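> next come a sequence and a model predicted from it.
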Amino acid sequence: MFTNSHDFLIRCTCTHSHTHRNNSITMAGSATANATNGLFRAYIPAILEGMPSDWRGTTFNNSNLLGRETFTRNLVTLLEAKTASGDNQLSTEELHALGIAEDYLRVATNVSTTLEAALANEVGLDVAQVFSFASTTMPIVAVVLVAKCPVHLYCGDLPVPFTDAERAFLKQLGGRLECHPGRPVPRLDDEKKVVVLSLEPDMVPAASMKEDSIRRIDGLVSPSVLYILNPDTIPVADVMVIRKRMSTPVTTPVAETMLRALVGLPPDGIMAMPLEDAGLASFLGHLQELSGTPVDTTANPVVFHAGLPTLSSLWLTLIQQGGCDILMSSTSYGGSSQLTDLVHGAADKLHKHTFDIQGSANIDESIRVGLRSVAEHGQLPTTVIFVEIPTNPDQKIPDLGELVTSARKYKTDTGKDVLLLIDATFAPGSQVLRKFREQDAEIPAMVFLSLSKSVSRGVTTAGTLVANQTAFSAAVLEGVRTTAKMLDTTAKHETLLRLVQNHHGVEKRCRDAYTIAVTAGGVIQDAVRETTGKEMPLAFVTPAQADEGFTTSTFSFNLPGLSTAEENAHLAQRFVDLLTADHQFKPCVSFGQDSGLVYCTVPATSTQGAIKEEDKAKQAVGGVQLVRLSFPPTLDVAGACKVMQESVAAIYSPAAQL
């Protein structure tokens with residue numbers, strides 16, 4: 001396996017029964033490929049110096065997302081105009097005016113996109129063909145998973161990055177990887193279609209781009225970067241899905257370090273800071289305390305660079321251990337749902353089953369019904385009962401005693417292994433593993449946390465798995481640790497350091513944010529009642545549930561409808577638009593961040609983008625979709641409540657309904 005993402009270059013190539021078309025190397029309308037070579041190098045110091053502070057965040061305003069290509073075109077246009085005028089300075093205002101590439105770090109950031117654009121410019125490609133990964137091996141795995149032909153990896157003088165067992169496992173996911181020493185060799189025209197990967201030591205593969213054989217090559221992968229030369233054989237859109245579900249772009253500190261390296265500058269900031277063993281041990285122990293299991297250094301939580309790579313490693317581990325049926329909500333977080341669909345589609349040893357929780361559905365009964373269906377139709381040795389507590393976006397909490405009883409009965413009736421998997425991201429300090437232990441000390445259970453929210457205060461993406469004291473959970477956790485090593489998706493230095501710096505006090509932050517949410521919820525309900533004469537329930541935890549540790553900062557609601565179906569179809573988004581016109585509110589998909597901002601979204605068109613339309617429709621009331629508001633631990637509460645009152649009044653005013 002690779003040990004340092006700065007120590008190697010992977011060169012991806014693909015040859016087929018026919019030589020590639022010359023025009024397959026770059027995409028039409030390429031901003032970076034058509035720009036002057038070295039354009040970015042001249043301005044990297046100015047970009048780093050003037051970089052807007054919000055570029056270094058993890059979540060971004062999603063009201064007008066540009067995508068990587070349009071953002072890059074804007075950046076190239078700015079740099080070319082500066083070059084033409086002889087101006088080598090860039091202001092923060094000019095960079096801010098470029099817009100936002102994507103809404104979440106796991107998809108793309110302005111910083112990672114700037115890096116990818118600079119690298120694309122170095123080798124004459126379009127930014128759409130360049131993907132950075134916060135992993136040394138995921139660029140290879142991504143090609144293996146999206147290629148429609150076998151993959152051959154030529155390692156040069158470098159060590160083979162995958163063991164025979166790991167390559168055999170990739171075959172279970174529908175891919176085929178063969179490893180060879182030395183350089184790639186030419187393919188005969190009558191040889192079957194293959195993808196060839198070649199390892200090289202340089203970050204920028206400029207020398208390789210000049211080789212005569214380049215027109216027979218489909219892609220290059222430098223340290224943590226995939227360069228796609230032939231999008232016909234390495235589909236750009238498919239690679240993007242793999243990256244945003246199973247990995248992330250390089251983290252912002254790493255992206256800045258790589259930009260600095262392009263112009264000969266040394267690392268600075270967090271990349272140069274030490275990570276103390278005592279601080280890391282305290283953080284890992286705190287994760288176990290938050291989840292409700294005794295601190296045990298022999299079963300330390302596994303920490304990843306984002307939430308979904310955490311689940312990805314778990315699903316792949318369970319496949320290696322014989323396979324699993326997964327029972328989860330039909331409206332689970334869209335990323336979790338799509339990731340599970342991806343793995344389900346690739347492997348015959350993972351099957352997805354769902355239960356409904358929308359509207360008035362009773363979550364306990366829905367889980368019982370779902371388990372009866374899995375008992376009848378499930379074919380795999382392990383069943384995972386995957387429940388968000390509280391659920392997203394309904395904020396429902398099952399009766400934990402009933403959940404344990406249902407799991408135990410299912411295990412007795414079917415003879416299968418059962419794992420309770422709880423996504424406790426909305427309430428990370430709820431100690432659900434302790435609550436399960438009080439019901440049944442032998443029930444295997446794990447907690448999944450997206451640390452990108454409350455635990456890190458939003459300064460970094462990360463995820464973790466915490467196992468309870470049972471032997472089954474411990475064995476799964478160790479398998480996850482091994483899988484994560486293969487995928488190289490565990491948290492690196494810069495992520496761990498930020499987590500160590502910010503995890504303290506998360507319990508209080510969650511309580512403070514919950515208290516603000518309670519106040520705000522009452523204000524918005526009163527405003528709706530006074531304006532429309534109607535009662536508007538909140539999808540929110542009860543005071544008793546909050547007393548048990550489920551102190552979520554988030555609630556959802558369906559606004560009372562207007563007179564026409566068309567008005568109702570747009571009502572939720574119109575309300576979010578009214579709120580986010582004020583500086584205290586941000587159109588954003590996240591929650592739990594210590595930003596002083598209220599995050600507002602319509603889940604059906606954001607976090608649930610990958611959910612079936614018929615499932616999202618069950619959340620609507622009178623054709624009006626849910627609005628979700630998430631509150632920070634510190635806020636100008638009076639000011640925010642005033643904005644909510646004014647927005648309710650505005651949306652129901654006669655003029656607004658014309």
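All right, it came through fine.

> can you give me the helices in the stretch 1-150 of the chain?
31-34, 44-50, 67-85, 92-96, 110-123, 138-146 (DSSP state H, counting those that start in this stretch).

> out of these, deepest packed?
Greatest average neighbour count among the helices of the stretch 1-150 of the chain goes to helix 110-123 (a mean of 27), per mean count of other Cβ atoms under 10 Å. All C-beta atoms are positioned from the backbone trio N, CA, C, and that covers glycine.

> sorry, back to before: relative to Gln645, which of the helices of the stretch 1-150 of the chain is closest?
Closest to Gln645 of those is helix 92-96 (Cβ to Cβ; 30.7 Å).

> name the residues that touch the closest one?
47, 50-52, 54-55, 78 (Cβ atoms under 8 Å, 6 or more residues apart in numbering).

> flag the least confident of these.
Among those, Asp54 has the lowest pLDDT, at 92.

> test my guess that that one contacts Phe60.
Yes: using Cβ atoms under 8 Å, Asp54 makes contact with Phe60 at a distance of 7.0 Å.

> circling back: so can I have JSON lines of the helices of the stretch 1-150 of the chain showing distance to Asp348?
JSON lines is the format used below for those (distance: least, Cβ to Cβ, whole Å):
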{"stretch": "helix 31-34", "distance to Asp348": "40"}
{"stretch": "helix 44-50", "distance to Asp348": "47"}
{"stretch": "helix 67-85", "distance to Asp348": "34"}
{"stretch": "helix 92-96", "distance to Asp348": "48"}
{"stretch": "helix 110-123", "distance to Asp348": "34"}
{"stretch": "helix 138-146", "distance to Asp348": "15"}
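
> if you average pLDDT over each of those, which is lowest?
helix 31-34 has the lowest average pLDDT among these, namely a mean of 70.

> thinking again about what came up before, neighbour count: Asp54 and Phe60, which is higher?
Between Asp54 and Phe60, counted using other Cβ atoms under 10 Å, the more crowded position is Phe60 (25 against 14).

> now do that one against Ser336, distance only.
Distance of Phe60 to Ser336, given as Cβ to Cβ, to the nearest Å: 21 Å.

> do the same with Ile100
24 Å.

> and these two? Which one has more around it.
Ser336 (24 against 21).

> ok so the more buried one is a helix residue?
Yes: under DSSP: H, G, I helix; E, B strand; the rest coil, Ser336 falls within a helix.

> my guess is it contacts Leu308. True?
Yes: with contacts counted by Cβ under 8 Å, Ser336 reaches Leu308, the gap being 7.0 Å.

> now do the same contact list for Asp325.
So Asp325 contacts 351, 353, 374, 378-380, 382-384 (Cβ under 8 Å, 6+ apart).

> in PyMOL, how would I select just the buried ones from those?
Only the buried entries of the contacts of Asp325 go into this PyMOL selection, using 16 or more other Cβ atoms under 10 Å:
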select buried, resi 351+353+374+378+380+382+383+384
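
> biggest separation within the contacts of Asp325, which pair?
Once Cβ to Cβ is applied, the contacts of Asp325 give Gln379 and Val384 as the farthest pair, at 14.1 Å.

> which SSE is immediately downstream of whichever helix in the chain runs longest?
Using DSSP state H, we find that the single longest helix of the chain is helix 506-532. Next in sequence after helix 506-532, counting helices and strands by DSSP states H and E, comes helix 543-547.

> show me what that next one is packed up against.
Using 3 or more Cβ pairs under 8 Å, 6 or more residues apart in numbering; DSSP states H and E, no helix or strand is in contact with helix 543-547.

> buried residues in that helix?
Buried residues in helix 543-547 (16+ other Cβ under 10 Å): 545-546.

> could you do stretch 316-335 as well?
Neighbour-count burial for stretch 316-335, counted by 16+ other Cβ under 10 Å, picks out 316-320, 323-335.

> repeat for stretch 160-168
161-162, 166-167.

> and for the closest residue to Leu465 other than its chain neighbours, the neighbour number?
Closest residue to Leu465 apart from its sequence neighbours, by Cβ to Cβ, 6 or more residues apart in numbering: Val302 at 5.2 Å. Residues lying near Val302 (other Cβ under 10 Å) number 26.

> can you map out the strands along the stretch 351-500 of the chain?
382-388, 417-423, 445-450, 463-467 (DSSP state E, counting those that start in this stretch).

> I'd like the average pLDDT over the last one.
Average pLDDT, strand 463-467: 98.

> could you work out the end-to-end span of stretch 158-178 for me?
By Cα to Cα, to the nearest Å, the extent of stretch 158-178 from end to end equals 15 Å.
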